[in-house]
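Asks: Predicted model and sequence below, questions to follow.
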Amino acid sequence: MTTAPSPLILIVEDSDEHFEAIRRAFLKTGIVNPVHRCCDGDDALDYLFHRGVHADPATAPRPAVMLLDLNLPGTDGREVLDNLKADETLRVLPVVVLSTSSHPGDIELCYRTGASGYIIKPVRFDEFLKTVENLKSYWFDTVALPVG
């Protein structure tokens, strides 16, 4: 019996420090899924829509889950979410917003646009680690993710 490969996680995060914290938390919580990082919204859209350097689907496979920062340079996370959820094929992709913003307007807008979840990034690493443990438990140990 063969084991299915771990689903790809797309992380859209411009901050090297925040990405490193996510990577460290993944390692500590046992998330071994392959990860692809996009540093801005334009690159994320190119990746998802297979444009530019990401035109080949073989090198830009469809993620099973996307973690999306809101405050990105250029095309921000709100616009990425809006574009993604407007597309018939991509709208099924679960998007978990992972942001420092606790503004009620941001939270409501993301859910109205189709976010699957909204997580406010904790400041302390131990709290962030607990958040990632919960993320792992729900998204990778509990729910069934869309395929392809």
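Replies: Here it is on my side, so go on.
Asks: which stretches of the chain form strands?
Replies: Assigned by DSSP state E, the strands in the chain fall at 9-12, 35-38, 65-68, 95-99, 117-120.
Asks: In its sheet, which strands sit next to the second one, and in what direction?
Replies: Listed by DSSP bridges, the sheet partners of strand 35-38 and their directions read strand 9-12 (parallel).
Asks: do the third one as well
Replies: Sheet pairing for strand 65-68, assigned by DSSP bridges, gives strand 9-12 (parallel), strand 95-99 (parallel).
Asks: The strands of the chain into JSON lines, with extra columns for distance to residue 136, mean pLDDT and mean neighbour count?
Replies: For every residue, glycine as well, the C-beta is placed using N, CA and C. Below are those laid out as JSON lines (distance: least, CB to CB, whole Å; pLDDT from 0 to 100; neighbours: other CB atoms under 10 Å):
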{"stretch": "strand 9-12", "distance to residue 136": "10", "mean pLDDT": "98", "mean neighbour count": "24"}
{"stretch": "strand 35-38", "distance to residue 136": "13", "mean pLDDT": "97", "mean neighbour count": "19"}
{"stretch": "strand 65-68", "distance to residue 136": "11", "mean pLDDT": "98", "mean neighbour count": "25"}
{"stretch": "strand 95-99", "distance to residue 136": "12", "mean pLDDT": "97", "mean neighbour count": "24"}
{"stretch": "strand 117-120", "distance to residue 136": "12", "mean pLDDT": "97", "mean neighbour count": "16"}
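Asks: Would you format the strands paired with strand 65-68 as CSV with distance to residue 85 included?
Replies: What follows is these, written out as CSV (distance: least, CB to CB, whole Å):
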stretch, distance to residue 85
strand 9-12, 14
strand 95-99, 8
